[in-house]
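Asker: Here you go, sequence then predicted model.
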Amino acid sequence: MLAWVIFYVARRVKEAVQLEMAAPSQAAKEASFSPVQSRGKSGLKGGETNEPVAFLPVTPATIQDGGWILSFPLVEPHMVLWAFTNNGVSADHAKGLLRPALAHLFAGSVYKDRISHSDVKELEELKRIRESDEYSQREKSGMMTVVASAYRTSKERWAAERDEWMEEFTSWVVSLGVKDPVALKNDLLLIQPANPPPDPKPPE
């Protein structure tokens, strides 16, 4: 009986964790976030002007796109603009960097939310088993071990992907060539968008 109960709970928890990890965050991440191709190990820096020379070039089109993003009633793009200008980036250049910055930050917020959600779900599941009158203490012990193991696996995967994202994000910030990339990164990490940046403005 104990083995059957543990097997049943393990299968149910595994299915729940797989569903949790599959959507919608993974689809949203893939649609809105592409890892930075250059890790910022070469190229020009901004020098004394502190004007960044990004590997993803800022053009009149990207500046216009940044203005389009700022036209939406969202606070996060304005926070990103402030973080850039506060760290010596011109307003126009900052607008040109808005879309990639928001995409990076949204990806980071997805990882944080998914790990936090896993913690909550795990605690709820453990509490349900602990307080249940359906199982013996021995059955509860086995079931709780299975649940904790399943959620640990999912959280370790998300944590590893989050660390990869942080490495890419840090490299992207460094590639901008500002005088104090650590300060800029810390300012940007305070911003955790709930949504990816708005779609580009359709052609008129």
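Answerer: Arrived safely, thanks for sending.
Asker: how near is residue 180 to residue 160?
Answerer: 29 Å (C-beta to C-beta, to the nearest Å). The C-beta positions use only the backbone N, C-alpha and C, and glycine is treated the same way.
Asker: Only the buried residues of the one helix or strand residue 111 maps to, if you could.
Answerer: Using DSSP states H and E, the element containing residue 111 is helix 98-130. Under the neighbour-count criterion of 16 or more other C-beta atoms under 10 Å, helix 98-130 has 98-111, 114-115, 118, 121-122, 125-126, 129 buried.
Asker: same check, this time on stretch 185-192
Answerer: For stretch 185-192, using 16+ other C-beta under 10 Å, the buried residues are 185, 187-189, 191.
Asker: circling back: downstream neighbour of the helix holding residue 111 in the secondary structure list?
Answerer: helix 137-175.
Asker: what about the chain, any weak spots by pLDDT?
Answerer: 1-56 (pLDDT under 70).
Asker: Tell me how far the helix holding residue 111 lies from the chain's centre.
Answerer: Chain-centre distance of helix 98-130: 9 Å, with C-alpha atoms, centre = their mean, to the nearest Å.
Asker: now it against helix 137-175, angle please.
Answerer: In terms of direction (axes from the mean of the first three to the mean of the last three C-alpha atoms, to 10 degrees), helix 98-130 departs from helix 137-175 by 170 degrees.
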